[in-house]
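K.L.:
Kindly return the folded structure for what I paste below:
(chains A and B)
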Amino acid sequence: DAKTTQPPSMDCAEGRAANLPCNHSTISGNEYVYWYRQIHSQGPQYIIHGLKNNETNEMASLIITEDRKSSTLILPHATLRDTAVYYCIVRPLGTGNQFYFGTGTSLTVIP
Amino acid sequence: GAVVSQHPSWVICKSGTSVKIECRSLDFQATTMFWYRQFPKQSLMLMATSNEGSKATYEQGVEKDKFLINHASLTLSTLTVTSAHPEDSSFYICSGFTSDTQYFGPGTRLTVL
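P.N.:
Numbering: from 1, shown residues only, chains lettered A, B, ... in the order given. Here you go, the predicted structure:
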């Protein structure tokens, strides 16, 4: 599995967009980029995933660079409830392919 | 998104006893489920992949005789921590796989005294 690199921590003002970067320079052509977040003492929550096109859902947007070596998760209007650890994971599609978590980015939304 | 439940949400046991944790997919069938362990201030560590009707696949360094996994149906996987010791105290999280996405349970906090 490709390794990912994320900044250990970030702050964001409430109401502003939170942009969380992830580097995955060794990503393979068949590997998708997934984002999860974990609020303290809870199970991780799925946010979004994509292959090479930008993706958007009700929670966030995922921007993947053309060379696919990095991506950015965007929370358009951060709230205090978005304070969590955000994990970027790359993995191939398929039922048996595992998700390996890195260290993630601890996002703190500041009032 | 799909819903996964875990039971119990927390458990305290004495050293040397066994503890069973259940993981259920409530609104989907999961041929594959995963078990993770998380120590304080650390990331999730994959312990094993649980496949319905077959033996689990354990990650390197995880003792399969200590962490027994049974995936007897498409909606239920169980993790039994045998002869638990204080160093097994951790947050155990399961997940089910559907629609190319992994959905996680709320976790089980195990404390071994």
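
K.L.:
Check which helix or strand the nearest residue to B:Ala56 once chain neighbours are set aside maps to.
P.N.:
Excluding the flanking residues, the one nearest B:Ala56 by CB to CB, 6 or more residues apart in numbering or on different chains is B:Ile69, at 3.9 Å. For the C-beta atoms, the positions are set from N, CA and C on the backbone; glycine is no exception. Using DSSP states H and E, B:Ile69 maps to strand B:67-73.

K.L.:
After that strand, which helix or strand is next? Please name it.
P.N.:
Remark: after strand B:67-73, the chain's next helix or strand is strand B:76-81, criterion DSSP H and E.

K.L.:
what residue is smack in the middle of chain B?
P.N.:
Centrality entry for chain B: nearest residue to the mean C-alpha point is B:Trp35, 3.9 Å, by CA atoms, centre = their mean.

K.L.:
Correct me if wrong: that residue contacts B:Ile69.
P.N.:
Yes: when contacts are counted by CB atoms under 8 Å, B:Trp35 is listed as touching B:Ile69 (6.4 Å).

K.L.:
Next, show the common contact partners of those two.
P.N.:
B:48, B:50, B:77, B:79 (CB atoms under 8 Å, 6 or more residues apart in numbering or on different chains).

K.L.:
who does the second one bridge with?
P.N.:
Bridge pairing for B:Ser50 (DSSP bridges) gives the partners B:Met33.

K.L.:
Return the per-residue confidence for it.
P.N.:
Note on B:Ser50: pLDDT of 90.

K.L.:
For it, give its distance to chain A.
P.N.:
11 Å (CB to the nearest CB, to the nearest Å).

K.L.:
sorry, back to before: can you list the shared contacts of B:Trp35 and B:Ile69 in a markdown table and add neighbour count?
P.N.:
Compiled in a markdown table, those are given as follows (neighbours: other CB atoms under 10 Å in any protein chain shown):
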| residue | neighbour count |
| --- | --- |
| B:Ala48 | 23 |
| B:Ser50 | 27 |
| B:Ser77 | 29 |
| B:Leu79 | 25 |
